[in-house]
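J.: the sequence isn't on hand, but the structure is:
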């Protein structure tokens, strides 16, 4: 178990740590660093280990910063935000958790494909901004569709693609070359909707031709849902349209 590993590795620095773990989540209920070694990077090191473990096992991390045990709640909130935690409210609200902050697992494939896209010089604005936007959008779209976060595979040639995006074998492929970020996002949301339909058992191999036809119920739903997700995300992130 993760708690045992952390306790053993950081035994001389830790006062106490309590982690509740199941298949899909980690709840960091308590972490107390010994006073003598506070502000020396121990907390950062421990959190990095927890995050690495959670990402590997595709687990959500939930926690609640507090003023207890010598901590400062506001400083802790900013500290956790640096590691990708979001306040558990608004568009990020996950009703499965009562904790004040949550962090969804990052998939390395997603960041790698985004970096590849940026290396192709498709965007003029800052790289960091677009890395964040695309990562946020994929997480947002998957949450809207109530599916686990999955990576999108960005392609820079038409090999294997007859349109600007495709879905197959639980994977999403999006053509990215010379396309605006909002168009890439819309294509991703469309194909992620097909993933949702597939997980629900609504994409039957024998109906592929009918499902892929313009105006079919499956395609109309994917078009509508993609537009809805873009609108919702764009309300909070209008820069995707510029």
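T.: In hand now; what should we look at? This one's a predicted model, so the numbers in the text were calculated from it and none came from an experiment.
J.: contacts, neighbours, all on C-alpha from now
T.: OK.
J.: which parts of stretch 230-242 are buried?
T.: When burial is assessed from 16 or more other C-alpha atoms under 10 Å, stretch 230-242 yields the following buried residues: 230, 233, 240.
J.: hmm, which of these is lowest in pLDDT?
T.: Lowest pLDDT of these: residue 240, 84.
J.: filter the buried residues of stretch 230-242 down to just the ones in helices.
T.: In helices, judged by DSSP state H, the following of the buried residues of stretch 230-242 are found: 230, 233.
J.: which one of the buried residues of stretch 230-242 is nearest to residue 22?
T.: Ranked by distance to residue 22 (C-alpha to C-alpha), the buried residues of stretch 230-242 are led by residue 233 at 30.2 Å.
J.: circling back: let me have the buried residues of stretch 230-242 in TSV, extended by distance to residue 81.
T.: Below are the buried residues of stretch 230-242 laid out as TSV (distance: C-alpha to C-alpha, whole Å):
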residue	distance to residue 81
230	24
233	20
240	22
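J.: ok, the buried residues of stretch 230-242 vs residue 190, which is closest?
T.: residue 230 (10.1 Å).
J.: ok, the closest one touching residue 186?
T.: Yes: judged on C-alpha atoms under 8 Å, residue 230 makes contact with residue 186 at a distance of 6.4 Å.
J.: now residue 138, nearest residue through space, not along the chain?
T.: residue 149 (7.0 Å; C-alpha to C-alpha, 6 or more residues apart in numbering).
J.: so what pLDDT did that neighbour get?
T.: pLDDT, read off for residue 149, is 85.
J.: surely it and residue 136 touch.
T.: No: under the criterion of C-alpha under 8 Å, residue 149 makes no contact with residue 136, lying 10.5 Å away.
J.: counting neighbours, go ahead and name the busier of these two.
T.: Shown here are residue 149 and residue 136; by other C-alpha atoms under 10 Å, residue 149 has more neighbours (21 against 13).
J.: surely the more buried one is in a helix?
T.: No: according to DSSP: H, G, I helix; E, B strand; the rest coil, residue 149 belongs to no helix; its state is coil.
J.: which ones are touching residue 79?
T.: Under the criterion of C-alpha atoms under 8 Å, 6 or more residues apart in numbering, residue 79 has no contact partners.
J.: count the neighbours of the nearest residue to residue 76 once chain neighbours are set aside for me.
T.: Counting by C-alpha to C-alpha, 6+ apart, residue 65 is the residue found nearest to residue 76 once chain neighbours are left out, at 6.0 Å. For residue 65, the number of neighbouring residues by other C-alpha under 10 Å comes to 22.
J.: and residue 65, which helix or strand is it part of?
T.: If you go by DSSP states H and E, residue 65 is not part of any helix or strand.
J.: quick check: next helix or strand after the host helix or strand of residue 61?
T.: Residue 61 belongs to strand 60-63 when assigned by DSSP H and E. Sequence order places helix 73-81 as the next helix or strand after strand 60-63, per DSSP H and E.
J.: I'd like the next helix or strand past that following helix.
T.: Following helix 73-81 in sequence, per DSSP H and E, is strand 86-87.
J.: how far is that following strand from where the chain is centred?
T.: Per C-alpha atoms, centre = their mean, to the nearest Å, the displacement of strand 86-87 from the mean C-alpha position of its chain is 13 Å.
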